[in-house]
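> below: sequence and its predicted model.
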Amino acid sequence: MMDNPGLYSLGDLAVTVAGTQVGDWITDLEGMLAALANLRLAYGSGGTTIRAYLQTSLDGGTTAVDIACVLFQTASETAVLNFSALTPKLTQVVPTDGALADDTAIDGVLGDRLRLKLVSTGTYAGSTVLSGRIHAR
């Protein structure tokens, strides 16, 4: 049984210049069997692409592992993803950090923490914000 089920914020990250932003780990998720993620881009103006990586860790936060990559561009958009730790993985998962292919997810890999990592290109303006929420259970 999960120690601390519930709703958690992965942050509201303002996107302006091209670059990488890494949110704080949401910790104390030991025993998590599932996670429902909601990633929402409130688009302002400008920019080119934003890749939002949902990451977990299996070693206490030393190594980040991508479990999803959602590609956002120049329009407001919401992505909803559901993950289960009970999905069997019969082939090796090679951990990546900010390198998972666009619009893909890896089910069955959930550690004791989650965070959001953004990689943006182009210059965004007009209060562009990417918000992330999870429901851990």
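Great, that's in hand.

> can you give the strand pairings for the lowest-mean-pLDDT helix or strand in the chain, parallel or anti for each?
Taking mean pLDDT, DSSP states H and E as the measure, the chain has strand 124-125 as its least confident helix or strand, at a mean of 93. Paired neighbours of strand 124-125 in the sheet (DSSP bridges): strand 45-46 (antiparallel).

> run the chain-centre distance for the partner strand.
22 Å (CA atoms, centre = their mean, to the nearest Å).

> which residues does that strand contact?
Outside strand 45-46, the residues that touch it by CB atoms under 8 Å, 6 or more residues apart in numbering are 74, 122-126, 128. C-beta: built from backbone N, CA, C; applies to glycine.

> surely residue 134 meets residue 39?
No. Under the criterion of CB atoms under 8 Å, residue 134 is not in contact with residue 39, lying 9.6 Å apart.

> list residues touching both of these two?
Counting by CB under 8 Å, 6+ apart, nothing touches both residue 134 and residue 39.

> now do the contacts for the residue positioned nearest the centre of the chain.
Averaging the C-alpha coordinates of the chain gives a centre point, and the residue nearest to it by CA atoms, centre = their mean is residue 54 (1.9 Å). The contact partners of residue 54, by CB under 8 Å, 6+ apart, come to 10, 37, 39, 66-68, 70, 81, 105, 114-116, 132.

> same deal with residue 83?
Counting by CB under 8 Å, 6+ apart, residue 83 touches 34-37, 67-68, 105, 107-110.
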